[in-house]
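J.: Predicted model follows, preceded by the sequence.
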Amino acid sequence: MAQHEGFARRRAEELERVLQRGIFAGFGASTVMGFFAMAASATYGGRGFFTPAYHVAFTIDPNTMGLSLQKAREGERFFFSHEAFIFGLAAHVMVGALFGALFALLAPRFRLRDRRAL
């Protein structure tokens, strides 16, 4: 019986390690993608630097995104609303972490290793 408990503990530790790596990879990937989306929105998109974060936060504050787009049309590309930005950023990063954990769990099942996993 003690041998089975050791196996279960080792299996749980391995699962925790895989999930941690996936979550942190998702954090990193979503952060890079978010900064790219904000830079693209401000430069060639012409919609304002923080508008992608406001787009994510649209569910709790539908007015901020429209206001940001209006300000961008008027030439102010860096309109900032603290609450909507923080919520949008947090939601974006948490979804990235969720997909990172999901990928970390499914990649070994589909035998995706090394470069094939990317």
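T.: That came through, no problem.
J.: List the buried residues in stretch 34-46.
T.: Neighbour-count burial for stretch 34-46 flags 34, 37-38, 41-42, 45 (criterion: 16 or more other C-beta atoms under 10 Å). All C-beta atoms are positioned from the backbone trio N, CA, C, and that covers glycine.
J.: Need the residues that contact it.
T.: The contact list for stretch 34-46 (C-beta atoms under 8 Å, 6 or more residues apart in numbering) reads 47-53, 72, 77-78, 89, 92-93.
J.: So which of those sit within helices?
T.: Counting by DSSP state H, the part of these found in helices is 51-53, 72, 89, 92-93.
J.: Please produce CSV containing these, extended by pLDDT.
T.: As requested, those are exported to CSV (pLDDT from 0 to 100):
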residue, pLDDT
Thr51, 91
Pro52, 91
Ala53, 91
Ala72, 89
Leu89, 93
His92, 94
Val93, 95
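J.: I'd like those as JSON lines, with distance to Gly100 and neighbour count appended.
T.: Below are these laid out as JSON lines (distance: C-beta to C-beta, whole Å; neighbours: other C-beta atoms under 10 Å):
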{"residue": "Thr51", "distance to Gly100": "25", "neighbour count": "25"}
{"residue": "Pro52", "distance to Gly100": "19", "neighbour count": "26"}
{"residue": "Ala53", "distance to Gly100": "19", "neighbour count": "26"}
{"residue": "Ala72", "distance to Gly100": "31", "neighbour count": "21"}
{"residue": "Leu89", "distance to Gly100": "16", "neighbour count": "19"}
{"residue": "His92", "distance to Gly100": "13", "neighbour count": "20"}
{"residue": "Val93", "distance to Gly100": "10", "neighbour count": "18"}
